[in-house]
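Asks: give me coordinates for this.
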Amino acid sequence: MQKLQRRGTRFKGWTMGLDLHKRFIQYSVLDRRGDEVENGRIDASRKSLLKLLVAWRAKAAVQVSFEACGCFVWVFDALVEVLGREDVHVAQPARLKAIALSPEKTDATDAWWLAHYLYEGQLPEAFVAEGALRELRIAVRELRAVTKEHANLKRRFKSHLAQIGEPLRGNAFETKIGKAELEALLAQQTGMRGEALKCLWRRIQDLRRERNEWAARIEVQAQAFPEIELLQKELAGIGPTLAPILWAELGTPQRFHSAKAYAKATGLTPGYRESGGRRKSVGMTRAGSSDARWALTRAILSCLRCQRGDGVAVKEWVQARFKRKPKKVVIVAAARKLAEAVWRLFEWGEAFDLKRVYGAAG
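Replies: Predicted structure coming up:
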């Protein structure tokens with residue numbers, strides 16, 4: 001775990017912590033000595049927030065911290081517009097255990113803790129996508145949500161068909177012949193099961209169209225990032241679907257100080273607990289974006305189906321280790337190494353090299 005260091009020089013102004021809620025914002029203001037000078041509550045509106053900032057900024061400079069929650073984006077944009085990006089700090093909620101586990105947890109103390117962490121220079125900050133990257137992230141996450149819902153409906157549809165003894169071919173949803181056969185079958189069904197199948201079929205077709213629309217939007221958004229095309233060309237298993245997801249979720253790899261740090265941001269790295277001189281592994285941390293983890297593991301699964309190119313070498317590396325370790329463990333380890341290769345590609349300009357990334361192929 002990276003240790004937090006005390007800031008060498010204090011901020012010469014007010015330090016403000018905001019505890020965000022949908023209907024109101026609790027705030028706490030610390031002076032240059034770290035003493036609380038005001039704690040209050042305002043409406044969760046842009047007008048009230050800017051009024052509060054203007055009042056304190058008239059006295060001295062202001063820096064603000066708040067947690068990344070479900071309603072923080074508009075606050076972030078408003079604060080950056082007034083204060084500038086350098087004085088706006090977004091905290092990672094998962095790493096603020098002192099707030100979440102406090103025995104006397106209130107909105108007022110939450111705001112004070114956020115201000116205190118920032119004042120001490122120990123606030124664990126979250127990555128906030130801005131501009132074109134935010135647009136790409138929104139599109140990517142919508143595509144993932146629609147794809148998941150589409151897959152769930154297909155499973156329900158297949159379950160209903162299994163109950164009436166009608167097997168379904170794997171590509172029946174995608175081909176014209178398969179669709180014609182399914183529509184003919186649905187026309188013969190009666191009762192509540194027939195109604196359920198027809199409703200599911202309509203929703204599956206609607207989601208399929210919506211999925212294609214989001215994929216087209218992502219293709220347009222990805223043109224603003226030449227790095228996405230580089231990911232597709234240089235790294236095994238990463239294609240036009242996975243590259244935008246990886247880039248949108250983690251941003252530029254250069255913001256990480258090492259390949260190991262980039263891999264940790266995916267949550268694919270093992271954690272550990274140490275006490276009394278003994279260290280125990282606790283498995284995958286699952287920190288960071290679940291979509292980034294999905295993209296990297298899906299890239300490895302894609303390599304397992306490769307017949308040529310760098311993906312074949314990755315497949316051989318993975319299959320050789322299937323003999324000694326569980327399949328999921330090997331796939332996660334391979335995905336973690338692929339994440340490190342992403343960092344080296346952009347930081348050092350290093351082309352994909354199986355021996356450097358995965359060691360010996362055997």
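
Asks: M16 sits in which helix or strand?
Replies: M16 is part of strand 13-20, with elements assigned from DSSP states H and E.

Asks: A341 now?
Replies: Here A341 is assigned to helix 327-347, by DSSP H and E.

Asks: rewinding a little: adjacent strands (with direction) for the strand holding M16?
Replies: strand 24-30 (antiparallel), strand 61-67 (parallel) (DSSP bridges).

Asks: point out where this protein drops to low pLDDT.
Replies: Applying pLDDT under 70 to the chain picks out residues 1-8, 354-362.

Asks: can you give the domain ranges for this structure?
Replies: Domain ranges of the chain: 13-120, 131-224, 227-358, per automatic domain parsing.

Asks: show me how far stretch 102-110 is from its chain's centre.
Replies: Centroid separation for stretch 102-110 versus its chain: 28 Å, with Cα atoms, centre = their mean, to the nearest Å.

Asks: an error on my part: the question was meant for stretch 79-88.
Replies: A distance of 24 Å separates the C-alpha centroid of stretch 79-88 from that of its chain, computed with Cα atoms, centre = their mean.

Asks: buried ones in that stretch?
Replies: If you call a residue buried by 16 or more other Cβ atoms under 10 Å, then stretch 79-88 has these buried ones: 79-80, 83, 87-88. Where you see a C-beta, it was placed from the backbone N, CA and C, and this is true even at glycine.

Asks: so what's T285 closest to, chain neighbours aside?
Replies: Setting aside the residues directly before and after it, T285 is nearest to G271 in space (Cβ to Cβ, 6 or more residues apart in numbering), at 4.4 Å.

Asks: touching, that neighbour and R279? I think so.
Replies: No: applying Cβ atoms under 8 Å as the test, G271 and R279 come out as separate, 10.7 Å apart.

Asks: those two: who's more crowded?
Replies: Ranked by neighbour count (other Cβ atoms under 10 Å), G271 and R279 place G271 first, with 15 against 9.

Asks: is the more buried one in a helix, a strand, or coil?
Replies: strand (DSSP: H, G, I helix; E, B strand; the rest coil).

Asks: so which residues of the stretch 51-200 of the chain form helices?
Replies: Counting by DSSP state H, counting those that start in this stretch, residue ranges of the helices within the stretch 51-200 of the chain are 73-83, 97-100, 107-120, 131-163, 176-188, 191-222.

Asks: roughly how far is the second one from the heart of the chain?
Replies: What it means is helix 97-100. 22 Å.

Asks: which strands and helices sit next to it?
Replies: helix 107-120 (3 or more Cβ pairs under 8 Å, 6 or more residues apart in numbering; DSSP states H and E).

Asks: secondary structure of G267: a helix, I assume?
Replies: No: residue assignment for G267, taken from three-state DSSP, gives coil, which places it outside any helix.

Asks: now for it: which residues touch it?
Replies: 284-290, 292-293 (Cβ atoms under 8 Å, 6 or more residues apart in numbering).

Asks: ok, residues contacting the strand holding M16?
Replies: With contacts defined as Cβ under 8 Å, 6+ apart, strand 13-20 is touched by 25-32, 34, 37, 44, 56, 59-67, 69, 71-72, 75, 107-108, 110-119.

Asks: what's the answer for stretch 289-301, then?
Replies: Counting by Cβ under 8 Å, 6+ apart, 140-141, 144, 235-238, 242, 245-246, 249-250, 265-268, 286, 314, 318, 331-332, 334-336, 338-339 sit against stretch 289-301.
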